[in-house]
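A.B. asks: Take a look and give me a structure for this.
(one chain, ligands or ions: 1)
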Amino acid sequence: MNHDFDVISAARNWRTDAVDTATPDQIISSVYSSDVLTLEQLKARLSKPTFKSLQATLERGATLDPTIADTVALAMKTWAMEKGATHYTHWFHPLTGSTAEKHDSFVSPNGDGSAIAAFSGKELIQAEPDASSFPSGGLRATFEARGYTAWDASSPAFIMRHANGATLCIPTAFASWTGEALDTKTPLLRSVEALNKAVTPALKLFGASEGTRVSSTLGAEQEYFLIAEEYYYRRPDLVMTGRTLFGAQPPRGQELEDHYFGAIPDRVLSFMTDAEQQLYALGIPVKTRHNEVAPGQFEIAPIFEDSNIAADHQQLTMQVLRNTARKYGLVALLHEKPFAGVNGSGKHCNWSMSTNAGENLLEPGDTPHENLQFLFFTSAVIKAVDEHQDLLRISVASASNDHRLGANEAPPAIISIFLGSELSDIFDRLESGQGGRGAEAGLLGLGTSVLPPLPRHAGDRNRTSPFAFTGNKFEFRAAGSSQSISFPITVLNTIVADAVSALAAELKAKLDAGTELDTAVAEIVKATYSAHKRIVFNGDGYSDEWHQEAEHGRKLLNLRTTLDAVHHLTDAKNGALFEKFKVLSDRELAARQEIMYDIYFKTVNIEGETTEYMARTMILPAAVKYLSELHAAGGSRAVKGVAAEVEAAADELFDAVQALSAQNAATGGDEVHEKAHHMRDQVLPAMSAVRKAADKLEKVVAEQHWPLPTYRQMLFVK
Ligand SMILES: NC(=O)CC[C@H](N)C(=O)O
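C.D. replies: Numbering: from 1, shown residues only. The predicted model follows:
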């Protein structure tokens, strides 16, 4: 096959007709949140008493008063139909990691041959989709099809558009008839509540007013690749598995570092602008766009918002990126490692805690008092991450992230915290009993002898750190580009709730005993840092020395692969933690573990089968064809030399495929974790051997015979 035509068409094939892009003024005045049923919209459409009742429900986090449900549903339906919606759906987040929707038409037959537009309060509040095929990890048998979706009124309803219409999407939680969570939203909401319950009493010790509530905030950076659609559909591996299972390294990768933050190609910028306009309409606060490090890699990042809403918005962002790319003859690849040898894609989760008055608890403040608070909560995060390294690692574990972690600017599997030199210095001085040394340039004097000055927005960054302080928040960098952010954030909220409640109890005891607040906090910060500073590491997370020191010196966990990690999810300490904060019951936790094993097993199984299929039906035939051509070409030294190279690699490939085929046919056992281990220990290495031989062939077989678009083409044609 000759790819010359492909290269030209892949480069050209995009629509130049501009979309109707709005100016910043128009975005602010009319586009932003125009497809979101905001509280203002509801207020304008409901009577005062109904709106008040709805608002009270939202504030209490309770379920909607059934007597007003019909009125709210009517307002929703009217709004949605004005926006062009023909259908509505309960939109939820099953344990597949993505989203689910089943549309129902607003049009209802009236029984007399006519039809009316209908949507009742009952239909708004709860539904029973026939959702028996979603993973439940044993929480229900398939014959018990009943799973319920329940309206999450804290995340606004929105409109999803397609070329021929629109759908009203109502964010919902998804649970079994026994009330067990079958989704990622329910535990996230529970963890937000756990965080609130733990942090609010702590804040009160610092003098917070009545009515203070605390929630977690999140901004998730999304990295992704774009490749020409022509190439995508010629790569069964990309279509089936999301990553390339073959591909020799091109002469040029990312070593020139010329793509990162470079000028964004016109086609890509047009795509980005189009996607952003849709995200604005959905009220998603996207802010930043740029070229990422690998050729063909890009990033979109929002500013932070409430973490439950951010989790919904993050799923929508992925969906909009995928859908919009197609309009430009591109495909958005969200896999963590679509191309070996260059950077993978992360979804760095910028996490913090904030009060309902908008106070960021991880912001070093302007006053000594605010800084006491800051140090207290930062210590709690350090304690939480040290005590629950395993859970953070598990929350980002997947077959795809295994290929990313530990190389090309993605953090290693060992969890540690980067505090930056200035903040580390402050903790070190607190620990050693050295107090403040007065205000320095860029540092904020605390005006108290027990505490040293604090940095305002430390500027340094560390790309090899999985969990980095970035001035007024922590960036959980280990999260992978294709995953839902719900579980990582559920874990973060829960472990921090645990640490804060422990430290708050200590603080309260000290205050009750008559210790001054600043002295008491300094003592707690000092003791906490002393006990947990092994988790703080500001150096190179890739170095051998770090791996040695982390594992042997500091005794940190090094859970290299998904299977090493997932195994710990149901450890007694983790079950007790999630039970204590009512985030996940033992059964719900065990179900999640089961599903993680299952998804891992199936993912690698599909990769193994795809590798075998491509090697047998595409790559070996190409090599054989080229060989027969060479054999026909006679006996010159060059021909013989090339033929010998091709033959050697083809033989190696043939043998490797036979070996892979045997592993694909085996199972490793009946239990899902046995199957998963078979995949990791037998199938993945067998796939690597196939790839190694195939990549050798790619370098010697005539390009016109090579059946697959190459890295050189996919990464550089934009
Ligand atoms: N520039 C960056 O921050 C690179 C991050 C890297 N792509 C990752 O996998 O996390």
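
A.B. asks: rest of the way, CA atoms for contacts and neighbours
C.D. replies: Fine.

A.B. asks: tell me the contacts of the closest residue to the ligand within the stretch 1-150 of the chain?
C.D. replies: Going by C-alpha to the nearest ligand atom, the ligand is nearest to Gly97 of the stretch 1-150 of the chain, at 19.1 Å. Contacts of Gly97 were listed using C-alpha atoms under 8 Å, 6 or more residues apart in numbering, and they are Thr184, Gln483, Ser484.

A.B. asks: Where does it sit: helix, strand or coil?
C.D. replies: Three-state call for Gly97 (DSSP: H, G, I helix; E, B strand; the rest coil): coil.

A.B. asks: quick thing: my sequence starts at 49, can you match it?
C.D. replies: Sounds good: first residue 49 from here, last item Gly145.

A.B. asks: and it, how far is that from Ala205?
C.D. replies: 20 Å (C-alpha to C-alpha, to the nearest Å).

A.B. asks: Also Arg728?
C.D. replies: Counting by C-alpha to C-alpha, the gap from Arg728 to Ala205 is 41 Å.

A.B. asks: who has more neighbours, these two?
C.D. replies: Neighbour totals were compared for Arg728 and Ala205, and Ala205 leads with 24 against 20 (other C-alpha atoms under 10 Å).

A.B. asks: Chain neighbours aside, what residue packs nearest to that one?
C.D. replies: With sequence-adjacent residues excluded and distances taken as C-alpha to C-alpha, 6 or more residues apart in numbering, Ala205 is closest to Ile218, at 4.6 Å.

A.B. asks: Same check on Arg511?
C.D. replies: Glu457 (5.6 Å).

A.B. asks: what about that neighbour, how many residues close to it?
C.D. replies: If we define neighbours as other C-alpha under 10 Å, then Glu457 has 20 of them.

A.B. asks: Assign it to helix, strand or coil.
C.D. replies: Under three-state DSSP, Glu457 comes out as coil.

A.B. asks: which ones are touching it?
C.D. replies: Asn391, Arg511, Thr512.

A.B. asks: what residues does the longest strand along the chain touch?
C.D. replies: Identified as the longest strand of the chain according to DSSP state E is strand 213-224. For strand 213-224, the surrounding residues in contact (C-alpha under 8 Å, 6+ apart) are 128, 131-142, 151, 172, 187-188, 194-201, 203-209, 229-231, 233-234, 360.

A.B. asks: about what we covered before: now, which of the contacts of Gly145 lie within helices?
C.D. replies: Per DSSP state H, helices hold no members of these.

A.B. asks: for the ligand, what are the nearby residues on the protein?
C.D. replies: Counting by C-alpha under 6 Å from any ligand atom, the residues of the chain close to the ligand are Asn391, Gly392, Ser393, Gly394, Glu457, Ala458, Arg511, Arg525.

A.B. asks: Compute the number of surrounding residues for the closest residue to Ile583 other than its chain neighbours.
C.D. replies: Nearest non-adjacent residue to Ile583, counting by C-alpha to C-alpha, 6+ apart: Ser464, 4.9 Å away. When neighbours are defined as other C-alpha under 10 Å, Ser464 has 27 of them.

A.B. asks: With Ser77 instead?
C.D. replies: Neighbour number of Ser77 under other C-alpha under 10 Å is 11.

A.B. asks: And Ala92, by the same measure?
C.D. replies: Count around Ala92 with other C-alpha under 10 Å applied: 11.

A.B. asks: buried ones in the longest strand of the chain?
C.D. replies: Ala214, Thr215, Leu216, Cys217, Ile218, Pro219, Thr220, Ala221, Phe222, Ala223, Ser224 (16 or more other C-alpha atoms under 10 Å).

A.B. asks: Can you tell me how far the first one is from Ser78?
C.D. replies: For Ala214, the distance to Ser78 under the criterion C-alpha to C-alpha works out to 18 Å.

A.B. asks: before we move on, what about the last one?
C.D. replies: Between Ser224 and Ser78 the distance, using C-alpha to C-alpha, works out to 40 Å.

A.B. asks: how's this protein carved up into domains?
C.D. replies: 49-70+266-393, 80-230, 240-260+401-484+508-625, 647-764 (the TED database).

A.B. asks: Kindly state which of the ones you listed is positioned closest to Arg635.
C.D. replies: domain 80-230 (7.3 Å; C-alpha to C-alpha).

A.B. asks: re earlier: quick one: which two of the residues of the chain next to the ligand are the most distant?
C.D. replies: Longest span within the residues of the chain next to the ligand, C-alpha to C-alpha: Asn391 and Arg525, 13.6 Å.

A.B. asks: Overlap of the contact sets of the two?
C.D. replies: Joint contacts of Asn391 and Arg525 (C-alpha under 8 Å, 6+ apart) are Ala458.

A.B. asks: Give the phi and psi angles for Ile465, as a check.
C.D. replies: When read as degrees, to the nearest 10, the backbone of Ile465 gives phi -110, psi 130.

A.B. asks: in the protein, which helix or strand is least confident?
C.D. replies: In the chain, no helix or strand scores lower on mean pLDDT, DSSP states H and E than strand 491-492, which sits at a mean of 41.

A.B. asks: returning to what we had before: and which of the residues of the chain next to the ligand is nearest Phe254?
C.D. replies: Arg525 (30.7 Å).

A.B. asks: Please list all residues in contact with that closest one.
C.D. replies: Neighbouring residues of Arg525 by C-alpha under 8 Å, 6+ apart: Gly394, Lys395, His396, Cys397, Ala458, Pro459, Ser513, Pro514, Phe515, Ala516.

A.B. asks: Give me the buried positions along stretch 660-678.
C.D. replies: The neighbour-count check on stretch 660-678 (16+ other C-alpha under 10 Å) flags 660-664, 667-671, 674-675, 678 as buried.

A.B. asks: now swap in stretch 257-271 and tell me
C.D. replies: Arg261, Val262, Ser263, Ser264, Thr265, Leu266, Gly267, Ala268, Glu269, Gln270, Glu271.

A.B. asks: The first one and Thr403 touch, don't they?
C.D. replies: Meaning Arg261. Yes - taking C-alpha atoms under 8 Å as the definition, Arg261 is a contact partner of Thr403 at 5.5 Å.

A.B. asks: you'd agree Thr115 is in a strand?
C.D. replies: No - using three-state DSSP, the secondary structure at Thr115 is helix, not a strand.

A.B. asks: What about it, how many residues nearby?
C.D. replies: For Thr115, using other C-alpha under 10 Å, the count is 10.

A.B. asks: ok, and what's touching stretch 650-663?
C.D. replies: 284-285, 288-289, 293, 447, 701, 705, 708-709, 712, 727-728, 731-732, 735, 738, 742.
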